[in-house]
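# what shape does this take:
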Amino acid sequence: MFHAILAAILPRHLHLEKMRQTFLRTVICSLVLRLLGSIPVDVISSYTRRQNIRFAVCLSLSFVLLLAYCHCVAIPQFPPDTVPDRTATAKRGEFLRSIRIAGTIETLRYVPIRAPWLSGHRVGRADLTIVNLAESGRFVRNGTVIAEFELKSLEDHMENHRIQASGLNSHLQKWRAEAAVINEVIRQDLLQSQAQVEKSALDLSLIDVMPEIHAEILRNISKQTHVIRDYTRKRAEIMDMILTANLRIYELLMEKEMLHFQRHILDSKRLAIRAPMDGMVIRETIFNRNRQYAQVQEGDRIFSGTLFMRIVDLSQMTVRATVNQVDAQVIHIGSKALVELDAHPSVQFAGRVVELAPLAIASRGGYRSGKSLDYVRHLSASILIEEQDERILPELSASAYVQLSDSKWGILVPREAVHCEFGPNPHKYVYTLKQGEFRKQRVLVGGFNDTDALIESGLERGDRVLLNNP
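Numbering: from 1, shown residues only. Predicted coordinates for the structure are as follows:
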């Protein structure tokens, strides 16, 4: 009964006879020692010497019998057709030496869509409200309206400037009329002063027959008319400059208002954003008014220049990933790769490396005593997916197996089944199932990849191998 209980609780993967016997002896010895340790000291001291000797002899005989039972008991073996859980079957397949790198699906060609920069009354980082937004994942054509912003405040502002421009135009017309009147008055004054000069010149022609005093008066009048005429001309020039300057001021104010109004018209066009190319709409994540990171939606208020959307070309998709600085030495542009999507692990797509950054970036390994631990450097890499599929979408997580050498066909086993023995004669070996137990088998390994080992000799197709050391 005791043996049946122990055999029932023994783990299934401990199938070898010696291992089960060792485990059984360990359990029984532990029970005996625990029994000895549980006898109180005061109970032992209460026996007489004769009784103590008898008790010790009986206890020793019991211990010897238990050890004999452990040594002689027959422990049943697993039948030959029973296989432990941690095993694998050697199979013939294609061996690819590759490096697995993880990344995110991106598009090779895309256009970022940012909130427009305004040039009117809200110049620079304007606070804009989204009133209409294309759904994420929707396919749009070039020229389709994909986003619209609130226009009411801009329309009101444009109406105010239109009224101001109309008032300035009225003032400009009024000033032109007043300037025409003033110019006519000045012209009449010039004609009158010129007439006085000509009249005085006729009067001077008669001074020979006039008394001297009358002649002197006529000369003074002639000089006076010339001075008045010169003054009228000078005043006319000054007034013409003043009128021209004032008229130009009103014209410049009018042009300023018109330019301002034209900027608002351009702003109103910018607030309706159209798709720059054919592609799929991808909404970006922003820090919204609720102080949370969420996908942009209608009603959100964003600043000018904020990236809130992308138009992506799904015809060319890439996996953007980072490569360890050591692994980057064996990856080259043009290397073939197999791409797997984490959302669809059973599907693989052909690809190739199209970009490998020339400069490494730091990988944060944590902080210690206020200092960052930049243990490993990484390089950015891009793998172009050469196939098109509706399941390949931006921002999905993916992994790429970059092929480092040509494929080979041979016997494949999980790489964890291969063990190494060091010493004077180092070699590799596996544990194979033969006659109901696993035995060490020396093998010749042709190479390793991330998951499998290529066995060139020592194993046959269908052999069962142990994945861990017994």
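
# can you pull out the helices in the stretch 101-250 of the chain?
152-204, 212-270 (DSSP state H, counting those that start in this stretch).

# tell me the confidence at residue 175?
You'll see residue 175 listed with a pLDDT of 87.

# I'd say it and residue 248 touch.
No - counting by Cβ atoms under 8 Å, residue 175 does not reach residue 248; the two are 10.4 Å apart. All C-beta atoms are positioned from the backbone trio N, CA, C, and that covers glycine.

# out of these two, which sits in the more crowded spot?
Neighbour tally, residue 175 and residue 248, criterion other Cβ atoms under 10 Å: the higher count belongs to residue 175, 16 against 10.

# show the contacting residues for the nearest residue to the more buried one once chain neighbours are set aside.
Once flanking residues are discounted, residue 175 sits nearest to residue 250: 5.5 Å by Cβ to Cβ, 6 or more residues apart in numbering. Contacts for residue 250 (Cβ atoms under 8 Å, 6 or more residues apart in numbering) come out as 168, 171-172, 175.

# kindly state the pLDDT recorded for residue 250?
pLDDT, residue 250: 88.

# kindly report the same for the one 4 residues further on.
Taken from the predicted model, the pLDDT recorded for residue 254 is 87.

# wait, it touches residue 172, no?
Yes - contact criterion Cβ under 8 Å: residue 254 and residue 172 qualify, at 5.7 Å.

# including distance to residue 350, could the helices of the stretch 101-250 of the chain go into CSV?
Listed next are the helices of the stretch 101-250 of the chain as CSV, based on distance: least, Cβ to Cβ, whole Å:
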stretch, distance to residue 350
helix 152-204, 51
helix 212-270, 42
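
# and those: which comes nearest residue 314?
Across those, residue 314 has its closest neighbour in helix 212-270 (27.2 Å, Cβ to Cβ).

# parallel or antiparallel, list what pairs with whichever helix or strand comes after the closest one.
The element immediately downstream of helix 212-270 (helix or strand, assigned by DSSP states H and E) is strand 272-274. Strand 272-274 pairs in its sheet with strand 145-149 (antiparallel), by DSSP bridges.

# now the strand it pairs with: how far from the chain's centre is it?
Offset of strand 145-149 from its chain centre (Cα atoms, centre = their mean, to the nearest Å): 24 Å.

# show me what that strand is in contact with.
Contacts of strand 145-149 (Cβ under 8 Å, 6+ apart): 113, 115-116, 128-134, 140, 271-275, 281, 308-309, 311.

# now which of those would you call buried?
Among these, the ones that count as buried by 16 or more other Cβ atoms under 10 Å are 113, 115-116, 128-130, 133-134, 140, 271, 273, 275, 281, 308-309, 311.

# quick one: the contacts of residue 250 as a markdown table, columns for distance to residue 419 too.
Below are the contacts of residue 250 laid out as a markdown table (distance: Cβ to Cβ, whole Å):
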| residue | distance to residue 419 |
| --- | --- |
| 168 | 93 |
| 171 | 98 |
| 172 | 98 |
| 175 | 102 |
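
# by neighbours, which of the residues you listed wins?
The most crowded member of the contacts of residue 250, judged by other Cβ under 10 Å, is residue 168 (19 neighbours).

# distance of that one from residue 156?
To residue 156, residue 168 is 19 Å away according to Cβ to Cβ, to the nearest Å.

# phi first, then psi, for residue 357.
Note on residue 357: its backbone torsions stand at phi -60, psi 140 [degrees, to the nearest 10].

# my read is that it contacts residue 377, right?
No - applying Cβ under 8 Å, one finds residue 357 not in contact with residue 377, separated by 10.9 Å.

# any regions of the stretch 251-400 of the chain where pLDDT drops low?
Applying pLDDT under 70 to the stretch 251-400 of the chain flags the ranges 363-375.

# so what are the domain limits for the chain?
If you go by automatic domain parsing, the domain ranges for the chain are 2-72, 87-95+408-466, 98-104+313-403, 110-144+274-311, 154-270.

# ends of the second one, what's the gap?
In terms of Cα to Cα, to the nearest Å, the two terminal residues of domain 87-95+408-466 are separated by 5 Å.

# so how far is it off the chain centroid?
From the chain centre to the centre of domain 87-95+408-466 is a distance of 42 Å (Cα atoms, centre = their mean).

# do me a favour and average the pLDDT over it.
pLDDT averaged over domain 87-95+408-466 gives 88.

# wait, doesn't residue 282 sit right on residue 310?
Yes - assessed by Cβ under 8 Å, residue 282 is found in contact with residue 310 at 4.5 Å.
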